[in-house]
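# Provided below are the primary sequence and the corresponding predicted coordinates.
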Amino acid sequence: MVRVLIHMPTLSARGGAERYAAEIAAVLRDAGHSVALAAVGDLDLIDLGAYFGLDLRGVELVRLPPADRIERMRPRRRAQQLRDALWSRRLRAWKPDVLVNTVYRSELHLAGVPLVVVCHFPHARPATATGLA
């Protein structure tokens, strides 16, 4: 059994990327792996699963501390580095075999832990497509 940690700190936003992270968790759990979702705050994964129409029983929650203070005190790039360092310690404590980073533009990784990055592409309408629905 592989221990898979899925990094999605904004799970409480309940958007499309968050649903995708939750679906990955459910699929990997169903495949027999030990799975955790890492998010900021106190979330009820059963309630979150019901919102998305998923069964998240058996998926653990790794609570990440909020980084609001760090992000207000530093330039953006430095704040992201400090936040990632803080969160990395919490993520490493779960002892994952694989880290799945599902966060748009995130560079978070754990040295020595294989990393899977979910790449999100922005949906900007090209300038030549004006007037098209």
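Great, that's in hand.
# Flag the shaky bits of the protein, pLDDT-wise.
Along the chain, the parts satisfying pLDDT under 70 run over 71, 74, 122-133.
# Give me the longest strand you can find in it.
Across the chain, the strand with the greatest residue count (assigned by DSSP state E) is strand 34-40.
# and that strand, which strands flank it?
strand 3-7 (parallel), strand 60-64 (parallel) (DSSP bridges).
# So what touches it?
Contacts to strand 34-40, defined as Cβ atoms under 8 Å, 6 or more residues apart in numbering, come from residues 1-12, 21-22, 25, 28-29, 45, 56, 58-67, 87, 90-91, 94, 96. Placement of C-beta: from N, CA and C, glycine included.
# Just list what whichever helix or strand comes after it packs against, helices and strands only.
Note on strand 34-40: by DSSP states H and E, the next helix or strand toward the C-terminus is helix 45-52. Where contact means 3 or more Cβ pairs under 8 Å, 6 or more residues apart in numbering; DSSP states H and E, helix 45-52 is packed against helix 16-30.
# could you check the angle helix 45-52 makes with the helix it packs on?
Orientation check (axes from the mean of the first three to the mean of the last three Cα atoms, to 10 degrees): helix 16-30 against helix 45-52 gives 120 degrees.
# Enumerate the positions of helix 16-30 that are buried.
Neighbour-count burial for helix 16-30 flags 17, 18, 19, 20, 21, 22, 24, 25, 26, 28, 29 (criterion: 16 or more other Cβ atoms under 10 Å).
# Skipping adjacent residues, who's closest to the fourth one in space?
By that I understand residue 20. Using Cβ to Cβ, 6 or more residues apart in numbering and skipping residues adjacent in sequence, the residue nearest residue 20 is residue 102, 6.4 Å away.
# is it true that residue 90 lies in a strand?
No - counting by DSSP: H, G, I helix; E, B strand; the rest coil, residue 90 is not part of a strand but helix.
# Please tell me how far the residue nearest to it when sequence neighbours are not counted sits from residue 27.
Sequence neighbours aside, residue 64 is the residue nearest to residue 90 in space, at 5.7 Å (criterion: Cβ to Cβ, 6+ apart). Distance of residue 64 to residue 27, given as Cβ to Cβ, to the nearest Å: 22 Å.
# Residue 100 against residue 24, yeah?
Yes - using Cβ atoms under 8 Å, residue 100 is in contact with residue 24, at 6.3 Å.
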